[in-house]
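Participant: pasting the sequence and the predicted coordinates here, then a few questions.
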Amino acid sequence: MSLTSRSDPDEKERYHRAYRDLNAMVRQGRSFSGNERNCCFLNTGQGRFATISAVSGIDFPDDGRAVALTDWDHDGDQDLWVANRTAPRLRFLRNDTSTGNHFLAFQLAGDGVTVNRDAIGARVEVVRSEQLGVSSEQLTVNSGQLADDRGEENPKSVKSLRAGEGFLAQSSKWLHFGLGSEENVSQVRVHWPGGGVETFDFRNLDVDRRYRLVQGSGVAEPVGEEPRTVALRPSEQPVLPKTDAARIPMTALLPGPKIDALARDGTRVVTGAGKPVLVNLWASWCAPCVAELKAFTARENEIRESGLAVLVLSVDGVGGGPGTPEQAEMTLRKIGFPFPSEQANEDALARFQGYHDSVIHIHRKLPAPSSFLYDAQGRIAVMYKGPLSVDDLLADVKHADLARAERRKRAALLPGRMIKGKRASMPVDLTEALYHANTGFRYDGAENLVAAERQFREALSIMPNFAFAHYHLGIALQAQGKEEEARASFERTLRLKPDHALAHVNLGASFYRLRKVDKAREQFEQALRYDPDFIQAHFNLGNVLLHQNDIEGAIRHFRAAVEIDPDFARGHARLGHLYAWQGNRKQALHHLEEAERLDPDLPELNEELRKARAME
């Protein structure tokens, strides 16, 4: 059963609660990795496995994820590619074990009609000579199991061809069979995914070779792949020193907390006023903070020549913390600090922490010092946690002016080349578009509609087919009275996601305001087709039907709304009004009094109640 099934709300709630708890733990800095070394197990062939992790050389302390097997150097044994969550992101492990054992490798090809050309889903059985024991005519295949007339269990090597191995991995589509010391194979059977079983005779063929098995041919074709030399240069993963400092260049340029400060020297510093600004949070009791202020002072001329304004905000004494504003002022005077300064407050710190938490998944308290480099438009270009380098700062002043691709390259934590192409950039595009859309959503909630509109449009400039952004852009436009533009956004949303019930309701409301009642009705009915329990769709459709003089239809939908939510006051009020109009005093009073209990401030409710109570 689906976890989102309406028929099992408890299971759905358990799923969402578990997801929220997991997400909260990750945000607190918990790790998916248990600091466990990689493991390797040997099949002893007796129904047991032995751990050979250490002797295999695979027991790295990496946070391993994907593992792909392939005979990379064509020497007859399996090598490994391993991808990790942590560095190194990719390891190649070449199998240099010397055993003298034999192998066979098969490449399968379906006919492209009954079986896909890659033969994904096929199962291959390798039957060795001493296993056969009888003529091929005596062997039968029953329910995928090999049996012989002796009634004995007949061991065989079996492998399936799969499109995917484990977590986010795809091993080679060559099926590799280790034969041990056995040099003779009599038969290979392929159970094709289309349902047929085909036997390939191997009595005159050699082991330690690669063969192509083509559906319907019955003949194994040798593939001439000679062993190849793989030139590898092993590299050591340097262990970087632990540091509390982090320089975080932004790929998505999001508005930072608005700063409009009149500094103690009379200088007014405003973010987004056409000039880049560095806002630095510091404290007199923080030695790295004081060292950073001295570095700013020593390189004042270079900072000013870069066009950068600097504002330092002291956190001394904020929220009952250590230090006092007087101590901060004394420290600045002693240094001879040349840039504007001001005292921070709890609200300012909360806004900077909120920005940090919106772009950094792990929600840790901002350290002292922390700095935020704004671009000329008031967007955060770079965030610094811990002491920053003035050289880095000067190099970062123009970060926001770079093209998106170049910003992404500068933001990468490791050197290298960016993979180009639409498919490769799509996850990054989606992440960046989500940052803008979520920022717009928060602005929307705060009724900062112009800023919300700007963020949704920025998201759509990155991903033009982002239905979420189109829908919420429509909401922001509708709230500003831009009805025609809003309607176009809802229509675009529905072209991308026809089952978006909310978009249908908002588009219907737009048509209703234009007095296009038939079109409004069509949209509300569509919304209910996709979400039969959508209260607002029932209520709006009831109003449309009332407008069209379909009283019974209107009552039916208002009743549906209050049955879904018995506390829906407006639904009760409408029902009371209609029952009163029909002369049904009992039902009218019931629903009007229920509406009064739930929301006594509903317009015209007192008048409706007075009329209902006066009915005979």
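Facilitator: That came through, no problem.
Participant: quick one: low-confidence ranges for the stretch 151-300 of the chain?
Facilitator: Residues of the stretch 151-300 of the chain meeting the criterion pLDDT under 70: 151-155, 225-227, 230, 237.
Participant: now the helices for it?
Facilitator: Remark: helices of the stretch 151-300 of the chain, listed N- to C-terminal, are 287-298, 300-305; assignment by DSSP state H, counting those that start in this stretch.
Participant: quick check: buried residues in the longest one?
Facilitator: Along helix 287-298, these residues count as buried under the neighbour rule (16 or more other CB atoms under 10 Å): 288-290, 292-293, 295-296. Every C-beta, even on glycine, is put in place using the N, C-alpha and C of the backbone.
Participant: closest to D601 out of those residues?
Facilitator: When those are compared for distance to D601 (CB to CB), C289 comes out closest, at 52.7 Å.
Participant: state the helix or strand in which A612 lies.
Facilitator: Taking DSSP states H and E as the definition, one finds A612 inside helix 605-614.
Participant: helices or strands next to that helix in the packing?
Facilitator: If contacts are counted by 3 or more CB pairs under 8 Å, 6 or more residues apart in numbering; DSSP states H and E, helix 605-614 sits against helix 569-582, helix 585-598.
Participant: so how far is it off the chain centroid?
Facilitator: Relative to the chain's own centre, helix 605-614 is displaced by 53 Å; criterion: CA atoms, centre = their mean, to the nearest Å.
Participant: how many neighbouring residues does E563 have?
Facilitator: Other residues near E563 number 13, with proximity taken as other CB atoms under 10 Å.
Participant: and the gap between it and H557?
Facilitator: When distances are taken as CB to CB, to the nearest Å, E563 and H557 turn out to be 11 Å apart.
Participant: cool, and A87?
Facilitator: When distances are taken as CB to CB, A87 and H557 turn out to be 59 Å apart.
Participant: for P61, same thing?
Facilitator: Here the criterion is CB to CB. By it, P61 lies 62 Å from H557.
Participant: now do E236
Facilitator: As judged by CB to CB, E236 and H557 stand 70 Å apart.
Participant: between these two, who's got more neighbours?
Facilitator: H557 (23 against 6).
Participant: which other helices and strands does the helix or strand encompassing the more buried one contact?
Facilitator: In this structure, H557 is located in helix 551-564 according to DSSP H and E. On a contact count with 3+ CB pairs under 8 Å, 6+ apart, helix 551-564 meets helix 535-547, helix 569-582.
Participant: that one: which residues count as buried?
Facilitator: For helix 551-564, the neighbour count (16+ other CB under 10 Å) marks 553-555, 557-562 as buried.
Participant: report the distance from it to the chain centre.
Facilitator: Going by CA atoms, centre = their mean, the spacing between the C-alpha centre of helix 551-564 and its chain's C-alpha centre is 40 Å.
Participant: quick one: residues in contact with that helix.
Facilitator: With contact meaning CB atoms under 8 Å, 6 or more residues apart in numbering, helix 551-564 is reached by 533, 535, 538-539, 541-543, 545-546, 568, 571-572, 574-575, 578-579, 581-582, 591.
Participant: just the C-alphas of it, formatted as PDB.
Facilitator: C-alpha atoms of helix 551-564 as PDB (Å, rounded to 0.1, in the frame of the first residue of the first chain):
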ATOM      1  CA  ILE A 551     -29.600  25.700  -5.600                       C
ATOM      2  CA  GLU A 552     -29.600  22.000  -5.000                       C
ATOM      3  CA  GLY A 553     -26.100  21.700  -6.600                       C
ATOM      4  CA  ALA A 554     -24.800  24.500  -4.400                       C
ATOM      5  CA  ILE A 555     -26.200  22.900  -1.300                       C
ATOM      6  CA  ARG A 556     -24.600  19.600  -2.200                       C
ATOM      7  CA  HIS A 557     -21.100  21.100  -2.500                       C
ATOM      8  CA  PHE A 558     -21.500  23.300   0.700                       C
ATOM      9  CA  ARG A 559     -22.600  20.200   2.500                       C
ATOM     10  CA  ALA A 560     -19.600  18.300   1.200                       C
ATOM     11  CA  ALA A 561     -17.300  21.100   2.500                       C
ATOM     12  CA  VAL A 562     -18.700  20.900   6.000                       C
ATOM     13  CA  GLU A 563     -18.700  17.100   6.000                       C
ATOM     14  CA  ILE A 564     -15.000  17.100   5.200                       C
END
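Participant: quick one: mean pLDDT over that helix.
Facilitator: Model confidence over helix 551-564 averages 96 on the pLDDT scale.
Participant: can you list the buried residues in the longest helix along the chain?
Facilitator: Among the elements of the chain assigned as helix by DSSP state H, the one spanning the most residues is helix 422-445. The neighbour-count criterion (16+ other CB under 10 Å) identifies 425, 428-429, 432-441, 443-444 as the buried residues of helix 422-445.
Participant: wait, which of those is closest to R454?
Facilitator: Distance to R454, by CB to CB, is smallest for G440 among the buried residues of helix 422-445, at 7.5 Å.
Participant: nearest residue to that closest one in space, please, no chain neighbours.
Facilitator: Q455 (3.2 Å; CB to CB, 6 or more residues apart in numbering).
Participant: next: Q78.
Facilitator: Of all residues not flanking Q78 in the chain, L69 sits nearest, at 4.9 Å (CB to CB, 6+ apart).
Participant: in stretch 39-49, which residues are buried?
Facilitator: By neighbour count with 16+ other CB under 10 Å, stretch 39-49 contains the buried residues C40.
Participant: that one spans what distance, first to last residue?
Facilitator: Start and end residues of stretch 39-49 are separated by 12 Å (CA to CA, to the nearest Å).
Participant: contacting residues around that stretch?
Facilitator: Stretch 39-49 has contacts (CB under 8 Å, 6+ apart) with 50-53, 56, 58-59.
Participant: okay, and which of the residues you listed map to strands?
Facilitator: With strands identified by DSSP state E, the entries of the contacts of stretch 39-49 that belong to them are 50-51.
Participant: got a winner among the contacts of stretch 39-49 for most neighbours?
Facilitator: Ranked by the number of neighbours (other CB under 10 Å), the contacts of stretch 39-49 place I58 first, at 19 neighbours.
Participant: hmm, that one is touching R91, no?
Facilitator: No. Because the distance of 9.1 Å does not satisfy CB atoms under 8 Å, I58 is recorded as not touching R91.
Participant: return every residue with contacts to both of these two.
Facilitator: Residues within reach of I58 and of R91 at once, by CB under 8 Å, 6+ apart, are 80, 82.
Participant: coming back round to it: and of the helices of the stretch 151-300 of the chain, who's closest to F352?
Facilitator: Nearest to F352, of all these, is helix 287-298, at 15.1 Å by CB to CB.
Participant: could you pull out the strands for the stretch 51-200 of the chain?
Facilitator: In the stretch 51-200 of the chain, the strands defined using DSSP state E, counting those that start in this stretch lie at 64-70, 79-84, 90-93, 102-109, 123-128, 140-142, 145-147, 157-160, 175-180, 185-191, 197-201.
Participant: turn the ones you listed into TSV, including mean neighbour count.
Facilitator: As requested, these are exported to TSV (neighbours: other CB atoms under 10 Å):
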stretch	mean neighbour count
strand 64-70	18
strand 79-84	18
strand 90-93	14
strand 102-109	20
strand 123-128	20
strand 140-142	10
strand 145-147	15
strand 157-160	15
strand 175-180	18
strand 185-191	21
strand 197-201	16
